[in-house]
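> mind folding the following:
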Amino acid sequence: MAGVACQISISSSSTFRRVNQWPRCFSGSPEKKTPAVLKWAVSGVTEFLRLISGAPSSTSIATNKDRSKNEVTAGDVDDVMGILRSDYRNFYFVTGVLTSAIYSDDCIFEDPTISFQGTELYERNLKLLVPFLEDASIELQNMEKSESSQRNYILATWKLRTYLKLPWRPLISINGNTVYDLDKDFKIVRHVESWNVSALEAIGQIFTVKSFPFRD
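A predicted model of the protein is given here:
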């Protein structure tokens with residue numbers, strides 16, 4: 001979801017493997033890598049959306065090191081889980097409204113089509129999607145944690161559903177999960193999405209005309 005709307009796809013049959021130790025980000029087949037050309041295309045479309053929306057470029061986004069002392073802080077993994085649950089209730093994937101205070105400024109964001117660094121850039125990319133979504137929602141299906149001396153992380157499983165504001169108004173539904181890696185200060189330093197379809201399938205579904213009525 002960090003790139004553009006064409007990263008979303010329709011699927012209802014695939015399932016995810018359970019994460020035991022170090023969870024692997026996968027889309028469709030866990031061994032299938034996203035073609036480099038597709039990643040370049042997604043990055044290009046994202047930049048095009050930025051240009052037509054008037055949003056600042058990634059190089060012009062200032063890193064906010066002096067965040068307000070009154071912002072929400074997390075003292076342990078359970079605190080982070082509680083804040084994330086609240087963000088899911090606010091549909092942060094499809095509104096771009098999230099509690100940035102629990103993320104490291106240089107957090108790494110990954111999904112099957114794009115990877116970049118910077119929480120403010122992530123917020124900007126999400127907000128670029130908002131004008132293209134209609135009746136959008138994201139349902140948090142499960143959230144669990146893993147704590148150890150070597151690594152703390154949170155695994156959230158979710159289902160996204162939205163229409164896209166295209167002439168054929170495709171209905172988009174995707175099952176996914178997100179792994180949130182935490183540092184010693186309980187800041188999210190890595191946010192990795194996995195989907196139950198390949199990136200190619202995700203792009204292709206955008207252009208599939210479904211039997212939904214057109215709106216005037």
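
> could you point out which element follows the helix or strand Glu123 falls within?
Using DSSP states H and E, the element containing Glu123 is helix 119-129. The helix or strand immediately downstream of helix 119-129 is strand 133-147, counting by DSSP H and E.

> now the angle between helix 119-129 and that next one, please.
The directions of strand 133-147 and helix 119-129 differ by 150 degrees, with axes from the mean of the first three to the mean of the last three C-alpha atoms, to 10 degrees as the criterion.

> least confident secondary structure element in this structure?
helix 36-53 (a mean of 50; mean pLDDT, DSSP states H and E).

> thinking again about what came up before, export the helix holding Glu123 as CSV, just CAs?
Coordinates of each C-alpha in helix 119-129 appear next as CSV, following Å, rounded to 0.1, in the frame of the first residue of the first chain:
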residue,chain,number,x,y,z
THR,A,119,8.0,7.9,7.9
GLU,A,120,7.0,11.2,6.5
LEU,A,121,7.4,9.9,2.9
TYR,A,122,5.2,6.9,3.8
GLU,A,123,2.5,9.3,5.1
ARG,A,124,2.7,11.3,1.9
ASN,A,125,2.4,8.2,-0.3
LEU,A,126,-0.6,7.0,1.5
LYS,A,127,-2.3,10.3,1.2
LEU,A,128,-1.6,10.3,-2.5
LEU,A,129,-3.9,7.3,-2.8
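
> does anything pack onto it? Which helices or strands?
Contact partners of helix 119-129 among helices and strands, from 3 or more C-beta pairs under 8 Å, 6 or more residues apart in numbering; DSSP states H and E: helix 36-53, helix 92-95, strand 103-111. In short, each C-beta sits where N, CA and C put it, glycine included.

> list the buried ones in that helix?
If you call a residue buried by 16 or more other C-beta atoms under 10 Å, then helix 119-129 has these buried ones: Thr119, Glu120, Leu121, Tyr122, Glu123, Arg124, Asn125, Leu126, Leu128, Leu129.

> what does stretch 161-175 give?
The neighbour-count check on stretch 161-175 (16+ other C-beta under 10 Å) flags Arg161, Thr162, Tyr163, Leu164, Pro170, Ile172, Ile174, Asn175 as buried.

> thank you kindly, that will do.
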